[in-house]
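# what's the 3D shape of this:
(one chain, ligands or ions: 2)
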Amino acid sequence: RQAQFAALRDTPAITRDGVKIDLGINAGLLVDLPHLRDSGAEGIGLFRTELQFMMAQHFPRLDTQVRHYRGILAAANERPVTFRTLDIGADKLLPYLRQVKEDNPAMGWRAIRMALDRPALLRLQLRALLKAGAGQTLRVMFPMIAEVHEFVTAKAMIEDEKRYLKKHGHKIPAKLEVGAMIEVPALVWQLDQLLPELDFVSIGSNDLVQFLYASDRGNPRLAHRYDPLSPAVLKTIRAIVLAGQKHGVHVNLCGEMAGRPIEAMALIGLGLTSISMAPAAIGPVKTMILSADRVKLWEFMEPLLARPDHSLRETLSSYAKSAGI
Ligand code: PEP
Ligand code: MG
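Ligands and ions are numbered 1, 2, ... in the order given. This is a model prediction of the structure:
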């Protein structure tokens, strides 16, 4: 099967009824970059910048960050890279940053919350990204946005940094695209206000599902209690897809579910046209897409969303078998 997947490397992921799906990889280090070419993915849908910070002995300085991001963009060789700003806290800790003990770190002082309260850190990172992306397209997204003003404040910081760099004679990116991750359920109810402010959104389904079900994503005792293939999760994703269509905003999904063929099939059925995943999943997911029919899939799925079921996994798996997917 490995050879079969490799043979598909340069085949675009298009469903039987002609819907082109953008497949990206998730990455976090320069050593991940060869996977971009080998997998045939179209870009990096999620670049987890905190990995560089987690491996360092102290906060990486501006020039160290610039060099790192430049290296990533060069290795991506014109394919789009979506840099996510620091997502520190909860499961991602920095050995040199003293963490205050919290009862609920996943819901605590983390990610954009920490970044907005300690703006010097985020400012430095944004400056590094803008410098690294000089003359090119730069895509940046913010993690764990829960309210519109958090996004607006973070985006204003990019504009400040752009002005600063220009004033000091530095070249800035030719094009800047700024987005938010949708990981906090409350944001799903603010999409009409949020989407006009940004260029794209990316659904972080790992956290979004954790918070929708109030179920710790890392707790093995809960691992099978709730299923991302349940009506509650799928309806939430569908609502985001529809809001994206209404506002003309590109929607991506970069959680782990995108890398599992049955889950990915459901996501395509819900109308997503852009998903990103671990590099090894690109082949199996592309194989699924090539044999799926988007319209038929949605016709099958839509009535299922009204069911009180715990999971639609079996129903979707048998559909996949009978439809030859
Ligand atoms: C997510 O939450 O789905 C996500 C992609 O981010 P992370 O797994 O890094 O929290
Ligand atoms: Mg997350």
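
# any idea of the pLDDT on Gln4?
Per-residue pLDDT puts Gln4 at 87.

# Identify the residues contacting the residue of the stretch 51-200 of the chain found nearest ligand 1.
Residue of the stretch 51-200 of the chain nearest ligand 1, by CB to the nearest ligand atom: Glu183 (5.1 Å). (Glycine included, C-beta is placed from N, CA and C.) Neighbouring residues of Glu183 by CB atoms under 8 Å, 6 or more residues apart in numbering: 143-145, 203-204, 206-208, 211.

# In helices only, show me those.
Counting by DSSP state H, the part of the contacts of Glu183 found in helices is 206-208, 211.

# same for ligand 2: which of these are within range?
For ligand 2, the contacts drawn from the ones in helices among the contacts of Glu183 by CB under 5 Å from the ion are Asp207.

# What is whichever strand in the chain runs longest packed up against?
If you go by DSSP state E, the chain has its longest strand at strand 175-182. Applying 3 or more CB pairs under 8 Å, 6 or more residues apart in numbering; DSSP states H and E, we find strand 175-182 packed against strand 137-142, helix 148-167, strand 200-203.

# is it possible to export the ones you listed to CSV including mean pLDDT and mean neighbour count?
Listed next are the helices and strands packed on strand 175-182 as CSV, based on pLDDT from 0 to 100; neighbours: other CB atoms under 10 Å:
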stretch, mean pLDDT, mean neighbour count
strand 137-142, 98, 24
helix 148-167, 98, 16
strand 200-203, 98, 24
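
# I'd like these as CSV, with distance to Ala128 appended.
As requested, the helices and strands packed on strand 175-182 are exported to CSV (distance: least, CB to CB, whole Å):
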stretch, distance to Ala128
strand 137-142, 11
helix 148-167, 9
strand 200-203, 21
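
# which one of the ones you listed lies closest to ligand 2?
Of all those, it is strand 200-203 that lies closest to ligand 2, at 9.9 Å by CB to the ion.

# neighbouring contacts of the closest one?
Contacts for strand 200-203 (CB under 8 Å, 6+ apart): 45-46, 82, 139, 141, 177, 179-183, 194-195, 237, 240, 244, 249-255, 276.

# need the residues of the stretch 1-150 of the chain near ligand 1, please.
46, 48, 87 (CB under 6 Å from any ligand atom).

# now, among those, which is nearest to Tyr96?
For those, the residue nearest Tyr96 by CB to CB is Asp87; the value is 16.8 Å.

# before we move on, the earlier item: ok, of the contacts of strand 200-203, which come out buried?
Using 16 or more other CB atoms under 10 Å as the burial test, these include 45-46, 82, 139, 141, 177, 179-183, 194-195, 237, 240, 244, 249, 251-255, 276 as buried.

# Report the central residue of the protein.
Nearest to the geometric centre of the chain sits Cys254, at 3.3 Å (CA atoms, centre = their mean).

# Now that one. Nearest residue, chain neighbours left out?
Leu46 (4.0 Å; CB to CB, 6 or more residues apart in numbering).

# Does that neighbour belong to a helix, a strand or coil?
Three-state call for Leu46 (DSSP: H, G, I helix; E, B strand; the rest coil): strand.

# what's near enough to touch it?
Taking CB under 8 Å, 6+ apart, we find Leu46 in contact with 24, 26-27, 82, 84, 202, 254, 276.

# Go through these and flag which are in strands.
Per DSSP E, the contacts of Leu46 map to strands at 24, 26-27, 82, 84, 202, 276.
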